[in-house]
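Q: Turn this into a model:
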Amino acid sequence: MMGGPFRGVRAGLSAILLAPPTGHAAVGCRCDPCRWPGREFRRPRDGTFDAFGNCVVARARVLLASREERRSADDAQRHLLWYARTDSVYFRVGYNFSMTETKLTDEDKIVFFKTMHGDISLIEFEKWVYENKDLEKIIPAESYFGLIEMNYRKSGAKYDLFRKLESIVSLGEYQRWKLNIILDKALLKDDSFPRLMIEFYDLYCDGYHFLNDLGLGYGLMFAVPPSKYKVDSWDELTSDQKAELSNGLFPEIGNEILKVKDWIDRGKIVLTGKKNELDRHDFKDLRTDEEKKSGVWIPVATESKKWWKFWA
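A: I've put the predicted structure just below:
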């Protein structure tokens, strides 16, 4: 496709657009290069283009992702750069040598986590990526290019973005953040409280066995109410029965939530973001034997075995 200095460029180099074609009339144009947010005409652009007829050379096919016209001395240590001009479109070709460590701020991580969780829309995240001028400097170039060139409006974009983000942030950190959100919301005891208690039970069943008291001991009673109510689900309870069941389990549930949060905060429970051989959530349990003792279930000895009885 390209001659001159681009001939024989090996895999691993990325061609990066620095400016639109000379003479392009940007006024009123709605093509992709002109619609990119936060970019003025003839300023460095971020994104991709492929075989357009109105803004770039029809035969061009280039991956692009850079905002800055200048690089600092630190960048020079990890980039080999040169410039070329072909068909009135300026390109810069760079190769990332050693930028492998991701140093995201806590604020950046929260944006990533909220996007993965669905609290921030794809379009909002796309705008944030373009406006975050420091992002290119703190995540690997390959990851940054992946976020820049992605089509956020295509079918399946949400799944693709999740996979891109989990290669940048720790999936274990994401799960820890998500679990803490659920724990904090459950402490508020608002209208979502019954659903959250059922979610704790589901998380226990999915492998988080450190939730044996909170999920199995208490959460199960919201998923399948005690037999005295003679119903099969929470939705079948009357308003008075729901209030009786919820209020009757406090402050015990609140204390159990605080205990789980303390384990997570002190690193006694470490979520790995991985699944075990049974496709259940994996975690590292660094609690002492005393900390592992149930406050809800007590062992009852029989002649042949031990069984567990709910303590209420």
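Q: Any chance you could list what contacts the helix or strand harbouring Asp160?
A: Assigned by DSSP states H and E, Asp160 falls within helix 157-166. With contact meaning C-beta atoms under 8 Å, 6 or more residues apart in numbering, helix 157-166 is reached by 112, 115-116, 118, 122, 125, 143, 146-147, 150-152, 174, 273. C-beta coordinates here come from the backbone N, C-alpha and C atoms, glycine included.
Q: List the buried residues in the longest helix seen in the chain.
A: Looking across the chain with DSSP state H, the single longest helix is helix 171-188. By 16 or more other C-beta atoms under 10 Å, the buried positions in helix 171-188 come out as Leu171, Gly172, Tyr174, Gln175, Arg176, Trp177, Leu179, Ile182, Leu183, Lys185, Ala186.
Q: And the contacts of that helix?
A: With C-beta under 8 Å, 6+ apart, helix 171-188 has contacts from 109-110, 112-113, 116-117, 166, 192-193, 196-197, 199-200, 203, 208, 253-254, 257-258, 260-261, 264, 270-274, 281.
Q: now do stretch 209-226
A: 194, 197-205, 208, 231-234, 236-237, 241, 245, 249, 252-253, 256-257, 260, 263, 269, 283, 285, 287, 294-297, 310.
Q: Just the buried residues of the contacts of helix 157-166.
A: Using 16+ other C-beta under 10 Å, the buried members of the contacts of helix 157-166 are Phe112, Thr115, Met116, Leu122, Phe125, Ser143, Gly146, Leu147, Met150, Tyr152, Tyr174, Gly273.
Q: Export those as JSON lines, with columns for distance to Phe162, secondary structure and pLDDT.
A: Putting the buried ones among the contacts of helix 157-166 into JSON lines (distance: C-beta to C-beta, whole Å; DSSP: H, G, I helix; E, B strand; the rest coil; pLDDT from 0 to 100) gives the following:
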{"residue": "Phe112", "distance to Phe162": "10", "secondary structure": "helix", "pLDDT": "97"}
{"residue": "Thr115", "distance to Phe162": "8", "secondary structure": "helix", "pLDDT": "97"}
{"residue": "Met116", "distance to Phe162": "6", "secondary structure": "helix", "pLDDT": "97"}
{"residue": "Leu122", "distance to Phe162": "10", "secondary structure": "helix", "pLDDT": "97"}
{"residue": "Phe125", "distance to Phe162": "11", "secondary structure": "helix", "pLDDT": "97"}
{"residue": "Ser143", "distance to Phe162": "14", "secondary structure": "helix", "pLDDT": "93"}
{"residue": "Gly146", "distance to Phe162": "12", "secondary structure": "helix", "pLDDT": "94"}
{"residue": "Leu147", "distance to Phe162": "12", "secondary structure": "helix", "pLDDT": "95"}
{"residue": "Met150", "distance to Phe162": "12", "secondary structure": "coil", "pLDDT": "95"}
{"residue": "Tyr152", "distance to Phe162": "12", "secondary structure": "coil", "pLDDT": "96"}
{"residue": "Tyr174", "distance to Phe162": "10", "secondary structure": "helix", "pLDDT": "97"}
{"residue": "Gly273", "distance to Phe162": "12", "secondary structure": "strand", "pLDDT": "95"}
